[in-house]
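Enquirer: Task: produce atomic coordinates for the following.
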Amino acid sequence: MDSNWQLFIDSLWPLAKGAITASIPLAVVSFAIGLVIALLIALMRMSSNKLISGIARVYISIIRGTPLLVQLFVIFYGMPSVGITINPWPSAIIAFSLNIGGYAAEIIRAAILSVPAGQWEAGYTVGMSRARTLFRIILPQAARVSVPPLSNSFISLVKDTSLASLILVTEMFRKAQEITASTYEFMLIYLEAAALYWVICLALSALQNALEGRLEKYVAK
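Expert: Here you go, the predicted structure:
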């Protein structure tokens, strides 16, 4: 028991460091890029142009219809076969960003459609263009609606970063694998990693609640 407790203490910082320096930054960067992709795809999906809308539909269908692990492997292990080699970190960011873009696009589109049509008309009445109305009036209100599902997507992404260990990204789960390879204490170390993921998710849930309260004032009553 004493040796297990000492191993738990000794491995805590390496695992936490993996989360701080790799897992969380990987999730944040990928999510930020993914949101930009998602907004673009959502607007394309809402376009009256059938070709543009069709491209968005196909993209969403591919992303949502294939496993994230397969997408990750195609980018890292598959692209070299066509002469394109991408390092582990960029590969992970590309895969996670494209994945978030596909799922978040439908969330953003639904949030935009949930804003009353009268809000568009209000923007036009005061002389705003469609783009200005979208960014100044519609999106702030849509943000409140989309915060819960987008926050859940981000929390899932934080956990999904563990898949990056399969393409040699040294994040928290990869650190856990390295420790177990030398200690053979699989149960202890993996449970410790699971506990750290849980703590991170609890903190993110608290931030989600705070953000929802802050955006409440932007909702049209």
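Enquirer: buried sites along the helix or strand bottoming out on mean pLDDT in the chain?
Expert: Among the helices and strands of the chain, helix 117-125 carries the lowest confidence by mean pLDDT, DSSP states H and E, at a mean of 80. Across helix 117-125, burial judged by 16 or more other CB atoms under 10 Å covers 120, 123. No exception for glycine: its C-beta is placed from N, CA and C like everyone else's.
Enquirer: Which other helices and strands does it contact?
Expert: helix 130-133 (3 or more CB pairs under 8 Å, 6 or more residues apart in numbering; DSSP states H and E).
Enquirer: Touching the helix it packs on from outside, list them.
Expert: 119, 120, 123, 124 (CB atoms under 8 Å, 6 or more residues apart in numbering).
Enquirer: residue ranges with poor pLDDT in the protein?
Expert: For the chain, the stretches with pLDDT under 70 are 1-2, 215-221.
Enquirer: can we see that at 90?
Expert: 1-12, 47-48, 111-148, 168, 170-171, 181-186, 208-221 (pLDDT under 90).
Enquirer: Show me where it has its strands.
Expert: Counting by DSSP state E, the chain has no strands at all.
Enquirer: longest helix of it?
Expert: In the chain, assigned by DSSP state H, the helix with the most residues is helix 186-215.
Enquirer: What are the buried residues along that one?
Expert: Buried residues in helix 186-215 (16+ other CB under 10 Å): 188, 189, 192, 193, 196, 197, 200, 204, 208, 211, 215.
Enquirer: Could you export these as JSON lines, including distance to residue 133?
Expert: Formatted as JSON lines, the buried residues of helix 186-215 follow (distance: CB to CB, whole Å):
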{"residue": "188", "distance to residue 133": "56"}
{"residue": "189", "distance to residue 133": "53"}
{"residue": "192", "distance to residue 133": "50"}
{"residue": "193", "distance to residue 133": "47"}
{"residue": "196", "distance to residue 133": "44"}
{"residue": "197", "distance to residue 133": "41"}
{"residue": "200", "distance to residue 133": "37"}
{"residue": "204", "distance to residue 133": "32"}
{"residue": "208", "distance to residue 133": "28"}
{"residue": "211", "distance to residue 133": "24"}
{"residue": "215", "distance to residue 133": "19"}
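Enquirer: Tell me who's in contact with residue 60.
Expert: Residues near residue 60 by CB under 8 Å, 6+ apart: 41, 45, 102, 105, 106.
Enquirer: between the residues you listed, which has the most around it?
Expert: The residue in these with the most neighbours, by other CB atoms under 10 Å, is residue 105 (26 neighbours).
Enquirer: close enough to count as contact, it and residue 43?
Expert: No: assessed by CB atoms under 8 Å, residue 105 is found out of contact with residue 43, at 9.1 Å.
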